[in-house]
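K.L.:
what's the 3D shape of this:
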Amino acid sequence: MAHTRAWRNFRRMQDMTVAVACLIYAGAVVHAFQHLPGSYGLIAERTLIWPGIFLSLSLSLPLAVGPVRRPLARYVWMSFKQGFGQTPASVLLGVVLLMGAALLMYWQINGAASGGRYPAGVFSGYGAGIGILAAQAALVRVLEHHPEVKPLIEEEG
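P.N.:
Sure, this is the predicted structure:
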């Protein structure tokens with residue numbers, strides 16, 4: 001059976017959110033390598049290695065640990081029921097939130113380039129956020145096979 005249009009839009013929005021977040025992050029890393037003080041090793045550690053660890057943890061824990069997976073799956077289902085990714089307003093809100101996080105990273109990079117605090121935390125936090133977004137996108141596929149959800153998202157053919 002085919003999924004409803006609303007579910008296809010929701011699933012697509014989940015995937016696009018992860019993709020856009022990754023592209024924004026990649027742009028911020030390139031910007032960091034061009035502007036942050038310190039060696040390439042230090043910049044790579046703060047923008048790639050530590051954030052990669054946080055991304056891995058925030059992606060794998062919700063998928064592997066039941067007490068974390070169940071509430072996140074409920075949150076994903078509630079997001080669908082509330083219309084996330086199915087209306088222009090919800091898509092715009094998602095874009096605004098991602099751009100706000102991107103602006104925070106660029107602002108901190110520029111502050112560190114001018115002698116301010118090194119922005120290690122913002123990269124790790126954004127990496128963890130990408131991991132959670134990816135876990136949500138994966139849980140969409142899990143929900144498609146859940147016996148209680150499956151009939152609600154499939155079209156009668």
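K.L.:
Now do the contacts for the residue lying closest to Ala113 once chain neighbours are set aside.
P.N.:
Excluding the flanking residues, the one nearest Ala113 by CB to CB, 6 or more residues apart in numbering is His35, at 4.3 Å. Yep, even glycine has a C-beta here, placed from its N, CA and C like the rest. The neighbours of His35, taking CB atoms under 8 Å, 6 or more residues apart in numbering as the test, are Ile109, Asn110, Ala112, Ala113.
K.L.:
For the second one, which non-adjacent residue is spatially closest?
P.N.:
The shortest distance from Asn110 to any residue other than its chain neighbours is 6.8 Å, reached at His35 (CB to CB, 6+ apart).
K.L.:
coming back round to it: pull out the buried members of the contacts of His35.
P.N.:
Buried members of the contacts of His35, counted by 16 or more other CB atoms under 10 Å: Ile109, Ala112.
K.L.:
can I get the contacts of His35 in a markdown table with secondary structure?
P.N.:
Formatted as a markdown table, the contacts of His35 follow (DSSP: H, G, I helix; E, B strand; the rest coil):
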| residue | secondary structure |
| --- | --- |
| Ile109 | helix |
| Asn110 | helix |
| Ala112 | helix |
| Ala113 | helix |
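K.L.:
For the contacts of His35, name the two members farthest from one another.
P.N.:
The largest separation in the contacts of His35, counting by CB to CB, is between Asn110 and Ala112 at 7.4 Å.
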